[in-house]
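Undergrad: Okay, sequence plus prediction incoming.
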Amino acid sequence: MDKVPTRVDGRFRLGDVLGSGSYAVVYRARNIIKDNAVAIKLEPINHSSSVQREYRILKNLEGGIGIPRALWFGRESAYHALVLDLLGPSLHHIFLAHNRKFSLDTVVNLGDQLLSRLEYIHSHNYIHGDIKPQNVVEFWNTSTGVHIPFCQGQRLTGTPAFASINDHLGLELGRRDDLESLTYMLIYCLQGSLPWLTSDQEKLSSSSILERKVNTTIEVLCQGIPVQFATILIYTHALAFSEDPDYNHICSLLRVLHSTSPAPASTELDFGKPDVPTTHPLPCYDEPWEIKAVPSSPCPPLRRSSRVLRPHNHSSTLRATASTPRRKKA
């Protein structure tokens, strides 16, 4: 392996390793001119540059609430280098620090704000592809102005635990799959686990998780939690591949839970002691569901959140991140 540079662009001094992937390594670094901390992702130039694609995506999403800033991109020695905002702890680390469970109010606020982030990303012709910040894929062909075609035979993009069933099956991902994955993650944060996971999910293959996932009914998945989570899942499953999601509809289903939570309504993410969610009996799934119609044209007005994900008593801001996209479809 080529020697790692001690500085990038002459002004960023590398420090400790924060994490690594297949090829890229992320370092803590310091801007010696402005004396502030940043993160730097280094990737050998002899590999297809995912960090260059990440830089392009972040610049396209620049200015959105919760989107980290790409501060610099270029070549340093034998590496592609991407300089980013240095963010605080991940939601996963906060989740583990709070005994693997959040309060209902926190989950509702988390869902509300992440839904707003996804809506912003979708409005810029990307889908996230993995609610754990890794993959972002484009769903709209900007040269033709039409939705990418539905395809089969794609490889699994998202993390198996939270991946949509379509992702497991190798189908082309759409906005509906982001929303399905988000709902799984919210249920996980509220319940502390998911029925298709064991105590050590690393031992389960993606095919084993898929088998458990398809054999878990929505009633079982949402047992003991507010019925709104089941309603959201049913809505996302009913969306057609290229159908415009009604983000306001999903948001309203979450916000009504503020009135059922033992804690007063708040938009803060306090990450405090989990409370026991108010539960409602699940409706009979043999009866037909009335799904709110989503107009395909004209598009419903987009909702924009003015709030930032802000942990209680922590100076950092939780932000969505973008990473390697799939190639555009013609």
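TA: Thanks, I have the structure now.

Undergrad: From here on, just use CA atoms for contacts and neighbour counts.
TA: Will do.

Undergrad: SS state for the nearest residue to Leu221 once chain neighbours are set aside?
TA: Using C-alpha to C-alpha, 6 or more residues apart in numbering and skipping residues adjacent in sequence, the residue nearest Leu221 is Pro195, 6.6 Å away. Classification of Pro195 using DSSP: H, G, I helix; E, B strand; the rest coil returns coil.

Undergrad: what sits against Pro195?
TA: Contact analysis of Pro195 by C-alpha atoms under 8 Å, 6 or more residues apart in numbering lists Arg212, Lys213, Thr216, Leu221.

Undergrad: Could you report the neighbour count for the closest residue to the second one other than its chain neighbours?
TA: It refers to Lys213. Distances taken as C-alpha to C-alpha, 6+ apart place Trp196 nearest to Lys213, at 5.7 Å, with adjacent residues excluded. Here the number of neighbours of Trp196 (other C-alpha atoms under 10 Å) works out to 19.

Undergrad: Per-residue pLDDT of Trp196, please?
TA: pLDDT for Trp196: 92.

Undergrad: The one 4 residues further on now?
TA: Asp200 is assigned 54 on the pLDDT scale.

Undergrad: repeat for Ser20
TA: What the model reports as pLDDT for Ser20 is 84.

Undergrad: top of the contacts of Pro195 by neighbour count?
TA: Most neighbours among the contacts of Pro195, by other C-alpha under 10 Å: Lys213, with 23 neighbours.

Undergrad: Can you tell me the SS state at that one?
TA: helix.

Undergrad: Quick check: the gap between it and Pro160.
TA: Applying C-alpha to C-alpha, to the nearest Å, the value for Lys213 to Pro160 is 10 Å.

Undergrad: Same check on Ser242?
TA: For Ser242, the distance to Pro160 equals 23 Å [C-alpha to C-alpha].

Undergrad: When those two are compared, which one has more neighbours?
TA: More crowded of Ser242 and Pro160, by other C-alpha under 10 Å: Pro160, with 25 against 18.

Undergrad: hey, where'd the strands end up in the protein?
TA: 7-8, 12-20, 25-31, 36-44, 70-76, 79-85, 126-127, 137-138, 140-141, 146-147 (DSSP state E).
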